[in-house]
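Q: what's the 3D shape of this:
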Amino acid sequence: MEVKVFGEDLNKAVKVLKRKLQQDGLYRELRNRRFYEKPSARKRRKAKESERRLRKKQKRLQQRR
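A: Residues are numbered from 1 along each chain as shown. Predicted coordinates:
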């Protein structure tokens, strides 16, 4: 991941980097990996996330019609 700093505006570059990391899902991943997650719990979580993504995608498609 790359963030370019223009001039001396380091604060803005840090803000942009944080936003990119959040959109990438890094913070969520770190929070999930703080403690051990049993394989069965991981499988349930992944299935839930997948369902949520599909519902979101279907909702967007219906709004376009």
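
Q: Okay, helices next: where are they in the protein?
A: 10-24, 26-32, 39-64 (DSSP state H).

Q: In CSV: those, plus mean pLDDT.
A: Shown next, in CSV, are the helices of the chain (pLDDT from 0 to 100):
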stretch, mean pLDDT
helix 10-24, 92
helix 26-32, 91
helix 39-64, 94
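
Q: how about a markdown table for those, with mean neighbour count and distance to residue 4 added?
A: Where C-beta positions appear, they are placed from N, C-alpha and C, glycine not excepted. Shown next, in a markdown table, are the helices of the chain (neighbours: other CB atoms under 10 Å; distance: least, CB to CB, whole Å):
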| stretch | mean neighbour count | distance to residue 4 |
| --- | --- | --- |
| helix 10-24 | 12 | 7 |
| helix 26-32 | 11 | 19 |
| helix 39-64 | 10 | 31 |
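
Q: any chance of these in a markdown table, plus distance to residue 2?
A: Shown next, in a markdown table, are the helices of the chain (distance: least, CB to CB, whole Å):
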| stretch | distance to residue 2 |
| --- | --- |
| helix 10-24 | 9 |
| helix 26-32 | 15 |
| helix 39-64 | 27 |
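
Q: just so I know, which of the ones you listed lies nearest residue 1?
A: For the helices of the chain, proximity to residue 1 was assessed by CB to CB; helix 10-24 is nearest, at 5.9 Å.

Q: Not counting that closest one itself, show me its contacts.
A: 1, 3, 4, 5, 27 (CB atoms under 8 Å, 6 or more residues apart in numbering).

Q: could you flag which of those residues are buried?
A: Neighbour counting with 16 or more other CB atoms under 10 Å marks none of the contacts of helix 10-24 as buried.

Q: between those residues, which is closest to residue 45?
A: When the contacts of helix 10-24 are ranked by distance to residue 45 (CB to CB), residue 27 comes first, at 16.1 Å.
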